[in-house]
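1. Coordinates for the following, if possible.
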Amino acid sequence: MSRSVPLRRSLLIRLLATSVLIALCSIAATAWLAVQTTTRAIQEAQGQALSDDAKIYDSLVGYAATHPAWAGVGPTVTKLAALTGRRITLTTADRTPIARSSTAPERLPQSESAVVDALNTDVALQPGTAVRIDPRAVGPYRLTPAKREAQQGLAVLNLNCLYKTGNGQNLPGSPLLTKDLAGYISINYRELRIDAANAAKIMASCSAPRLPVASSAEAKALASLTQSVSTCLKQRKHAVVDLAVPYDREYLPSQRFSEDRTVQDCLDAGRRQQLRSYVAPAALLFVSSPGGVSQTRFNLSGGNLARIVGVAAVVLLITVAVTALVGARLVRPLRALTAAAQHPTEHHARMPVAGRDEIGVLAMALNNLTERRERAEQQRTEMVSDVAHELRTPLTNIRSWLEAMEDGLASPASDPALTGALLREALQLQAIIDDLQDLAVADAAGLRLAPELLTVDEVLAQVITAHGGQAEAGGISLTADASDHLEVIADPVRLRQALGNLVSNAIRYTPPAGSVSLVGRRDGDEVVISVLDDGAGIAPEDLPHVFDRFWRADRSRSRETGGSGLGLAIVRQIAEAHAGSVTVTSSVGHGSCFSLRLPV
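-> All right, here's what the predicted structure looks like:
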């Protein structure tokens with residue numbers, strides 16, 4: 001009988017679930033690795049690209065701050081392109097090319113990468129600058145080489161005087177000077193070991209010429225800037241401030257008023273107006289990859305590649321380990337089944353039932369087969385023993401009579417009963433052999449039937465006639481009763497044989513003055529022919545075995561009264577050959593009822 005496996009315990013579902021789980025874990029790990037590695041590579045590439053872009057921008061802004069035009073910027077652009085590996089194009093505000101790193105025609109992107117303007121720098125590309133005017137744009141404040149050298153000489157004289165007065169000796173080594181971008185000279189008073197407050201008093205005793213705060217050109221430019229800032233502050237109704245720079249400060253004028261937004265704005269506007277003619281005009285900067293793609297392209301670094309290989313190897317090892325573990329768990333019961341099936345007849349080992357999946361059902365089926373095989377072997381052993389026993393008794397009797405005849409102790413002429421005894425033993429042998437042959441035919445290929453339409457009451461009458469003498473000899477009443485016109489399709493010979501075995505058994509186990517009845521009736525789609533007796537009956541524990549071969553409830557009975565033990569087994573084979581069945585009900589001391597059921 002087949003067993004249904006719950007869906008949640010199905011081996012197929014478990015395999016699918018395991019495969020899906022392993023696939024999901026592998027996909028998740030791979031996706032995480034790809035995202036992490038790609039993000040890191042993008043960040044590295046973007047950082048490098050931003051660094052290159054900032055370098056390109058700073059170089060071009062520096063060029064613009066120190067040149068009034070873009071005429072000679074070509075070599076700088078080419079050098080920057082070779083240094084960063086990017087394609088650089090510089091155009092005017094109306095996209096007229098100024099310089100480009102590649103001679104091949106290039107289609108400019110829709111938007112520029114940055115605007116190169118020394119007077120209005122990009123704080124994103126040039127961070128750390130509070131004022132958006134490039135500090136390299138000094139314009140009229142730039143000293144000529146001659147004036148710078150003259151100021152340098154005066155500074156050395158003043159430093160020597162200060163150091164000698166403050167320390168009692170001449171200044172060793174190089175003079176301690178710092179220069180701001182506008183060309184001013186500042187003194188490091190900490191290294192001179194004097195403070196700035198006493199510098200003026202010390203300088204008064206020195207014979208060296210005083211170092212001017214600004215040259216005439218610088219003073220003129222500062223005066224112009226002061227006037228422009230003052231006009232702006234008056235328009236905004238703000239107090240006018242002095243932009244004069246003391247010689248001890250090393251900061252630009254525009255960095256002194258960062259806390260006053262109004263002054264700072266006016267100062268920035270004045271400086272832009274003053275420096276406009278000294279710097280190159282604003283230009284558009286286009287930076288792209290060598291192939292002309294404006295988006296950032298990146299390649300995985302060696303570290304990222306090593307990380308991918310390492311994590312992929314770990315994921316692979318985990319996947320293989322989990323798969324091997326699950327596979328071993330699933331294969332373990334199969335191995336146990338194989339080991340048990342390799343020795344099926346030696347130990348009759350039972351298969352281990354580990355669950356209720358397909359393997360568990362298979363194990364239970366194999367266990368059932370093993371149990372049936374054990375029962376079949378036991379029945380075969382008992383059958384061989386019974387057949388030997390059944391044949392030994394008549395053969396022993398025949399041999400004994402024949403030996404007596406050979407020794408002259410008996411003679412058919414002097415003892416007429418000898419011939420009858422030998423005939424009875426031969427008939428007993430013939431009956432056993434015929435029954436065994438019928439069972440062998442039924443077991444091998446099934447009984448061959450020649451079915452035809454039969455009237456049940458006629459069949460019962462024939463059985464009564466055949467067994468009437470046996471019943472009369474035992475003092476038993478044998479009767480038959482069947483419904484009118486009750487018909488059945490069956491093999492008449494086999495049907496009479498089955499009913500004859502049932503009647504013969506009933507007569508054998510019914511005491512004298514008892515009765516045996518044959519009753520035919522219809523029960524739905526079946527014809528039921530019952531054989532009833534009022535004999536000793538059968539114990540309840542023996543009922544399941546009455547149709548087994550060579551089985552007898554009372555093994556002490558002789559073959560003359562107990563039969564061969566094959567009659568009821570033959571009845572069952574005949575009933576099953578007709579697609580019917582045979583059943584028995586019995587009560588000890590009240591008789592038995594054997595019912596043969598055949599389809600209409």
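2. Could you give the average pLDDT over the longest helix seen in the chain?
-> In the chain, with assignment by DSSP state H, the single longest helix is helix 11-66. Mean pLDDT, helix 11-66: 75.
3. Pull out the buried positions in the helix or strand that that helix is followed by.
-> On the C-terminal side of helix 11-66, the nearest following helix or strand under DSSP states H and E is helix 74-84. Of the residues in helix 74-84, those buried under the neighbour-count criterion (16 or more other CB atoms under 10 Å) are T76, V77, L80, A81, T84. Backbone N, C-alpha and C define where each C-beta goes, glycine included.
4. Repeat that for stretch 522-541.
-> 526-538.
5. State the mean pLDDT of it.
-> Regarding stretch 522-541, the rounded mean pLDDT is 91.
6. Export that stretch to PDB, keeping only CA atoms.
-> Output of stretch 522-541 as PDB, limited to C-alpha atoms (Å, rounded to 0.1, in the frame of the first residue of the first chain):
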ATOM      1  CA  ARG A 522     -27.600 -12.500  -3.900                       C
ATOM      2  CA  ASP A 523     -26.000  -9.700  -1.900                       C
ATOM      3  CA  GLY A 524     -25.900  -6.500  -4.000                       C
ATOM      4  CA  ASP A 525     -23.500  -7.100  -6.900                       C
ATOM      5  CA  GLU A 526     -22.300 -10.400  -5.600                       C
ATOM      6  CA  VAL A 527     -23.500 -14.000  -5.400                       C
ATOM      7  CA  VAL A 528     -22.800 -15.500  -2.000                       C
ATOM      8  CA  ILE A 529     -22.700 -19.300  -1.600                       C
ATOM      9  CA  SER A 530     -22.400 -20.300   2.100                       C
ATOM     10  CA  VAL A 531     -21.500 -23.700   3.600                       C
ATOM     11  CA  LEU A 532     -22.700 -23.900   7.200                       C
ATOM     12  CA  ASP A 533     -22.200 -26.700   9.700                       C
ATOM     13  CA  ASP A 534     -22.900 -27.300  13.400                       C
ATOM     14  CA  GLY A 535     -19.500 -28.900  14.100                       C
ATOM     15  CA  ALA A 536     -16.900 -28.100  16.700                       C
ATOM     16  CA  GLY A 537     -16.100 -24.600  15.300                       C
ATOM     17  CA  ILE A 538     -12.800 -22.700  15.100                       C
ATOM     18  CA  ALA A 539     -11.100 -20.800  17.800                       C
ATOM     19  CA  PRO A 540     -10.800 -17.000  17.200                       C
ATOM     20  CA  GLU A 541      -7.000 -17.100  17.200                       C
END
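7. mind checking how far it is from the chain centre?
-> 63 Å (CA atoms, centre = their mean, to the nearest Å).
8. again with stretch 137-151
-> 75 Å.
9. What helices and strands are in contact with the helix or strand harbouring L499?
-> Taking DSSP H and E as the criterion, L499 maps to helix 492-508. Counting contacts by 3 or more CB pairs under 8 Å, 6 or more residues apart in numbering; DSSP states H and E, helix 492-508 packs against strand 452-455, helix 456-473, strand 515-523, strand 526-533, helix 567-577, strand 591-599.
10. Compute the inter-axis angle for that helix and strand 526-533.
-> Relative orientation of helix 492-508 versus strand 526-533 (axes from the mean of the first three to the mean of the last three CA atoms, to 10 degrees): 30 degrees.
11. Please tell me how far the closest residue to V279 other than its chain neighbours sits from R148.
-> Leaving aside its sequence neighbours, V279 sits nearest to A118 (CB to CB, 6 or more residues apart in numbering; 4.3 Å). Between A118 and R148 the distance is 22 Å, computed by CB to CB, to the nearest Å.
12. Neighbour count: these two, which is higher?
-> A118 (27 against 14; other CB atoms under 10 Å).
13. Is that one part of a helix or strand, or is it coil?
-> Of the three states, A118 takes coil under DSSP: H, G, I helix; E, B strand; the rest coil.
14. quick one, what contacts it?
-> A118 makes contacts with V61, A64, A65, I133, D134, R136, A137, L275, V279, A280, as judged by CB atoms under 8 Å, 6 or more residues apart in numbering.
15. got it, and S515?
-> Per CB under 8 Å, 6+ apart, neighbours of S515: I476, S477, L478, T479, D533, D534.
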